[in-house]
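Undergrad: The following block contains a protein sequence and its predicted model.
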Amino acid sequence: MATYTDGFLGPFKGKLGPAHGSSWKGKPVIKGAYKKRTLNITQKEKNNRIKFAKAHRWLQPITEFVRAGFQGYSPTTEGFNAAKSLLYHAFEGEGENLVVNPAYVLVSYGTMSLPEDISVMQLNDREVKFCWNPSNDGTGDQQDQVMVLAYNADKRKSSYQLTGDFRKTGETTLKLPLNKGDYHLYIAFVSPNRKSRSNSKYLGIITV
């Protein structure tokens, strides 16, 4: 795929000889014609396809969260695709035995700092409490809002807040799904104008 600057005829869409013209994120692009594969698929390609499929499946139930967490990741990649590209680093094992280690997953990415002394406690079977030091460390704003996520990847159930309590409050609570099981907990922060965010932090597992 290639991008191009408008020529004297302007951008084109559709097929022109061996090329296909279209647009992506507002930019005109050209793609070559599809060619039917004649070679056998290698084991490395099979492994990559397995990893791609498992990464997609793991992230799918929390699509809305990672879209917010990876907004503006780069000029050409953001949201779900950006989260999936980083999720590859969280895999352990080989081939069909590949599994995602949730402790290494990022569900938000950015340059904002996280508060110090982040902790979490289970209040009851249906609620958890996240706590942090609300003091301003120089790169955060007291009006930043917390993003929290509880995710059961096995049952594909989650609960989250995209714009929760302010950084200055030092705490927030999250209601859990009714489904029993182990939930992986994450926290991140987003700026008041939604243009900046922090990396997420993994906070461990609670059992419902």
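TA: Thanks, I have it.

Undergrad: Verify the contact between residue 130 and residue 169 for me.
TA: No: with contact defined as Cβ atoms under 8 Å, residue 130 does not reach residue 169; the gap is 10.4 Å. All C-beta atoms are positioned from the backbone trio N, CA, C, and that covers glycine.

Undergrad: Have a look at those two and say which one is more surrounded.
TA: residue 130 (23 against 14; other Cβ atoms under 10 Å).

Undergrad: Residue 199: how many residues sit nearby?
TA: The number of residues packed near residue 199 is 16, by other Cβ under 10 Å.

Undergrad: Sorry, slip of the keys, the one I care about is residue 63.
TA: Using other Cβ under 10 Å, residue 63 has 14 neighbouring residues.

Undergrad: Confirm it sits in a helix?
TA: Yes: Residue 63: assigned to a helix according to DSSP: H, G, I helix; E, B strand; the rest coil.

Undergrad: hang on, residue 127 packs against residue 176?
TA: Yes: in this structure residue 127 lies within contact range of residue 176 using Cβ under 8 Å: 6.5 Å.

Undergrad: more crowded one of the two?
TA: In terms of neighbours (other Cβ under 10 Å), residue 176 is the more surrounded of residue 127 and residue 176; the figures are 22 against 13.

Undergrad: what about that one, distance to residue 60?
TA: Going from residue 176 to residue 60 by Cβ to Cβ, to the nearest Å gives 20 Å.

Undergrad: Residue 103 too?
TA: According to Cβ to Cβ, residue 103 stands 20 Å off from residue 60.

Undergrad: May I have the beta-bridge partners of residue 175?
TA: residue 127 (DSSP bridges).

Undergrad: neighbours of it, just the number please.
TA: For residue 175, using other Cβ under 10 Å, the count is 12.
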